[in-house]
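**Student:** give me a model of this one.
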Amino acid sequence: MIGCKAAMVEWWFGYVHTTEHYLWWHPRDHVFSDWIGERGTGRYIGGTHIAHEYFGGGPTLFKLKINFRDPSDILDTSRFAEAGVNAAIYARTGPADRDIWVGHTLHLVYDTPEGCVMRSRFWLGELDPAPPKITPQEMLALVPDERVQGLHQHCSEEMSILAGFLPTLYRLHNPF
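**Tutor:** Okay, here's the model as predicted:
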C-alpha cells in the first residue's frame, strides 16, 4: 500500500461508518454499511460492522456482521515489535441474520519505507457457538464456495482501492 502507513489503516477502521464511506472502499462490491456498538470515538474494537457486499463481482449479495476484537484475543501482541507488526485488525465474521460466527479475519500491517504491506488471513468454517452436529450441506450454506473463492479477489481489490485515497483522507482529518 504505497504511501500508506499502518497507523492510517487502523485509523480507517475507526473512521469508516456510513454507506458512502464504504462505497469509496469498493464501489462495485460494497452496497451497505452500518455499525452496532463502538463508533464515533475513533475506535472500532468492540463494534460490529453490518456490511452488505459482493465478493469478487460475484452474483450473491452477502449480508455480514463483522465484530472487531482485540488482536490479543488470538495473538501474543507482545511479540509484534520484534516481528515488525505495526498494526493488527482482528474480527469474527458471520451472517448478519444469524446468531452464529463462522470465521475469523486478521489483517497484519507492516510499515515499509514506501508505505506499508498488509497480510490478510481468513479462517472460515470455525463456528461459534459450535452446533452439536453439522452436515457438510449446512456448512456449505454458511460458508459457500462462492464466498471463499471471491474473498481473495475482493480483499486484494478493496485494499488496493483504499491505498489510492487513504493517504489524502488521513491527512485531511489528521493535519500535521
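**Student:** list the contacts for Trp123?
**Tutor:** Residues in contact with Trp123 (Cβ atoms under 8 Å, 6 or more residues apart in numbering) are 103-104. Just so you know, the C-beta spots here come from the backbone N, C-alpha and C atoms, and that holds for glycine as well.
**Student:** er, Ala88 I mean
**Tutor:** Per Cβ under 8 Å, 6+ apart, neighbours of Ala88: 71, 75, 77, 80, 106-109.
**Student:** 10 Å instead, please
**Tutor:** Contacts for Ala88 (Cβ atoms under 10 Å, 6 or more residues apart in numbering) come out as 6, 10, 70-72, 74-75, 77, 80, 106-109.
**Student:** out of these, which end up buried?
**Tutor:** 6, 10, 71, 75, 80, 106-109 (16 or more other Cβ atoms under 10 Å).
**Student:** okay if I get those residues as TSV plus pLDDT, secondary structure and distance to Ala88?
**Tutor:** TSV is the format used below for the buried ones among the contacts of Ala88 (pLDDT from 0 to 100; DSSP: H, G, I helix; E, B strand; the rest coil; distance: Cβ to Cβ, whole Å):
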residue	pLDDT	secondary structure	distance to Ala88
Ala6	98	helix	9
Glu10	95	helix	9
Pro71	97	helix	4
Leu75	96	coil	7
Phe80	97	helix	7
Leu106	97	strand	7
His107	97	strand	7
Leu108	98	strand	5
Val109	98	strand	7
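**Student:** list just the nearest of the residues you listed to Met159.
**Tutor:** His107 (8.3 Å; Cβ to Cβ).
**Student:** what is the longest helix belonging to the chain packed up against?
**Tutor:** Taking DSSP state H as the criterion, the chain has its longest helix at helix 145-173. Applying 3 or more Cβ pairs under 10 Å, 6 or more residues apart in numbering; DSSP states H and E, one finds that helix 145-173 makes contact with helix 6-15, helix 19-25, strand 30-36, strand 48-53, strand 62-69, strand 101-112, strand 115-128.
**Student:** point out where this structure drops to low pLDDT.
**Tutor:** Along the chain, the parts satisfying pLDDT under 70 run over 40-41.
**Student:** which residue is nearest the middle of it?
**Tutor:** The C-alpha lying nearest the average C-alpha coordinate of the chain belongs to Thr105 (Cα atoms, centre = their mean; 6.4 Å).
**Student:** need the contact list for that residue.
**Tutor:** Neighbours of Thr105 in contact, by Cβ under 10 Å, 6+ apart: 66-68, 89-93, 120-124, 151, 155.
**Student:** show me the beta-bridge partners of it.
**Tutor:** Beta-bridge partners recorded for Thr105 (DSSP bridges): Ala91, Phe122.
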